[in-house]
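Colleague: structure of the sequence below:
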Amino acid sequence: PFWEMMQGDLNQGDVLITSPAHLKNLHPGLADIARPSLIFSSGGPLDYKHAQATRDMFGTCPIEIYGSTETGGIAYRRQTSTETDWTPLPGVKPRLNDKGCLAVQGPHIAQSDWYQTEDKADIDQTSGKFRLLGRADRIVKVEGKRVSLSSVEQHLMVSDLVSEAVVLLPDDKDRRLGAIIVLSDAGVARHKELGTFRMGRLLRREIADFEEDAALPQRWRFVDQIPTDSQGKRPLHLLRAVFAQRPTEPDILDTFQTDDQVALKLRLREDLIPFAGHFPDMPILPGVTQLHWATSYASSMFGTPETTSEVSQLKFR
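Modeller: So this is what the prediction gives:
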């Protein structure tokens with residue numbers, strides 16, 4: 001709706017001030033929209049893929065502003081490549097603390113001393129430019145390994161199948177990584193072909209050369225849009241809510257496959273929809289559900305039609 005409303009207000013040569021949330025939602029139907037002379041984006045980093053999509057549509061690459069409510073603007077960049085660093089605004093000095101997090105000082109920053117951020121960074125000591133490496137609070141421990149959620153997201157975003165990616169721990173008790181993915185048009189077509197389980201395995205394989213096993217997401221949610229609040233930000237509670245919805249299928253813990261057989265190790269969550277009312281004091285997975293899962297997974301693993309021609313001597317245990 002934002003861009004449809006803007007079509008009547010945006011004139012050729014205007015200066016457009018917007019946010020990553022809006023620039024990530026460009027679509028081919030906007031091809032005739034007026035082209036602004038400058039585009040400023042603030043409120044969060046814009047990934048390279050969407051920066052280039054903005055340039056292709058409007059003819060100008062957006063100027064991103066990095067800052068915060070407490071500091072105002074700190075630096076800017078215009079992503080002409082995946083290696084574009086942030087350039088400090090005039091008067092702003094950057095440095096790193098002993099944890100590798102960025103601190104800044106500047107005449108317009110309220111605090112006279114250095115303002116400490118939670119953003120990990122790497123500073124070029126010659127030019128003063130810096131590269132952001134993700135927030136310190138986005139480093140989590142999984143299976144005893146330190147995992148950068150931002151790094152996993154960036155590697156997922158390299159795939160032509162992925163338009164947006166968010167990686168997180170879906171809850172405080174379950175230490176398996178989850179990924180919320182908005183697929184590209186090519187990804188949507190592949191998802192229809194493979195199904196959710198095999199699509200997740202495919203994306204895991206694509207990033208396996210760059211991430212340790214502990215950093216490979218095990219829980220996948222494919223959505224039309226990443227949930228955001230009114231400011232275009234992605235609060236953790238909204239992201240976790242995507243995983244909190246009652247599932248219809250089990251979590252697949254492991255797969256054992258030969259040419260003509262597949263064995264899946266499943267984890268059945270107590271909130272699975274098939275358990276509803278079956279039975280209140282003794283949850284039993286309905287036999288028809290087990291049969292459906294067997295047919296569905298066989299279809300996705302072997303590429304056969306999802307039909308059952310005959311069931312004989314079937315025993316549930």
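Colleague: other residues contacting stretch 144-162?
Modeller: 47, 49, 133-135, 138-141, 164-168, 177, 179, 181-184, 186-187, 190, 202-203, 206-207, 210-212, 214-217 (C-beta atoms under 8 Å, 6 or more residues apart in numbering). In this view, the C-beta of every residue, glycine as well, is placed from N, C-alpha and C.
Colleague: ok, of those residues, which come out buried?
Modeller: Neighbour counting with 16 or more other C-beta atoms under 10 Å marks 47, 49, 133-134, 138, 140, 164-168, 177, 179, 181-184, 187, 190, 203, 206-207, 211, 214-217 as buried within the contacts of stretch 144-162.
Colleague: out of the residues you listed, which are inside strands?
Modeller: 133-134, 140, 164-168, 179, 181-183 (DSSP state E).
Colleague: specify which member of those is nearest to Thr308.
Modeller: Leu183 (29.2 Å; C-beta to C-beta).
Colleague: and the gap between the closest one and Lys141?
Modeller: 29 Å (C-beta to C-beta, to the nearest Å).
Colleague: can you check Val262 too?
Modeller: Distance, Val262 to Lys141, by C-beta to C-beta: 32 Å.
Colleague: care to break this protein down by domain?
Modeller: 143-245, 246-317 (automatic domain parsing).
Colleague: let's have those domains in a markdown table, adding mean pLDDT.
Modeller: Output for those, formatted as a markdown table (pLDDT from 0 to 100):
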| stretch | mean pLDDT |
| --- | --- |
| domain 143-245 | 91 |
| domain 246-317 | 83 |
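Colleague: ranking these by burial, who's on top?
Modeller: domain 143-245 (a mean of 16; mean count of other C-beta atoms under 10 Å).
Colleague: centre of the chain to it, how far?
Modeller: Using C-alpha atoms, centre = their mean, to the nearest Å, the mean C-alpha position of domain 143-245 is found 5 Å from that of the whole chain.
Colleague: same thing with stretch 272-286?
Modeller: 33 Å.
Colleague: that one: end-to-end distance?
Modeller: Terminal residues of stretch 272-286 lie 11 Å apart, using C-alpha to C-alpha, to the nearest Å.
Colleague: follow-up on the earlier one: and the domains of the chain as JSON lines, adding distance to Thr126?
Modeller: Output for the domains of the chain, formatted as JSON lines (distance: least, C-beta to C-beta, whole Å):
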{"stretch": "domain 143-245", "distance to Thr126": "25"}
{"stretch": "domain 246-317", "distance to Thr126": "49"}
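Colleague: so which of the ones you listed comes closest to Thr80?
Modeller: domain 143-245 (17.6 Å).
Colleague: pretty sure Asp14 sits against Ala34.
Modeller: Yes. Using C-beta atoms under 8 Å, Asp14 is in contact with Ala34, at 7.1 Å.
Colleague: which outside residues touch the helix ranked longest in the chain?
Modeller: Counting residues, the longest helix found in the chain (DSSP state H) is helix 185-207. With contacts defined as C-beta under 8 Å, 6+ apart, helix 185-207 is touched by 152, 155-156, 158-163, 179, 181, 183, 216-217, 220, 222, 249, 252, 255, 296-297, 299-301.
Colleague: and if you look at stretch 277-296?
Modeller: 195, 249-250, 268, 270, 272, 274-275, 306-308, 311, 314, 316.
Colleague: any idea which of these is closest to Pro20?
Modeller: Closest to Pro20, out of all of the contacts of stretch 277-296 and judged by C-beta to C-beta, is Gly195, at 30.5 Å.
Colleague: any idea how far the closest one is from Lys141?
Modeller: 31 Å.
Colleague: what do you get for Pro94?
Modeller: Taking C-beta to C-beta, one finds Pro94 at 28 Å from Lys141.
Colleague: from Glu83, how far out is the closest residue to Arg267 other than its chain neighbours?
Modeller: Excluding the flanking residues, the one nearest Arg267 by C-beta to C-beta, 6 or more residues apart in numbering is Asp251, at 4.3 Å. Per C-beta to C-beta, Asp251 is found 38 Å from Glu83.
Colleague: cool, and Val162?
Modeller: Taking C-beta to C-beta, one finds Val162 at 20 Å from Glu83.
Colleague: show me what stretch 8-15 is in contact with.
Modeller: By C-beta under 8 Å, 6+ apart, stretch 8-15 touches 16, 33-40.
Colleague: which of these has the most neighbours?
Modeller: Within these, Ile39 tops the neighbour count with 23 neighbours, counted by other C-beta atoms under 10 Å.
Colleague: burial count for Lys120?
Modeller: Lys120 has 21 nearby residues by other C-beta under 10 Å.
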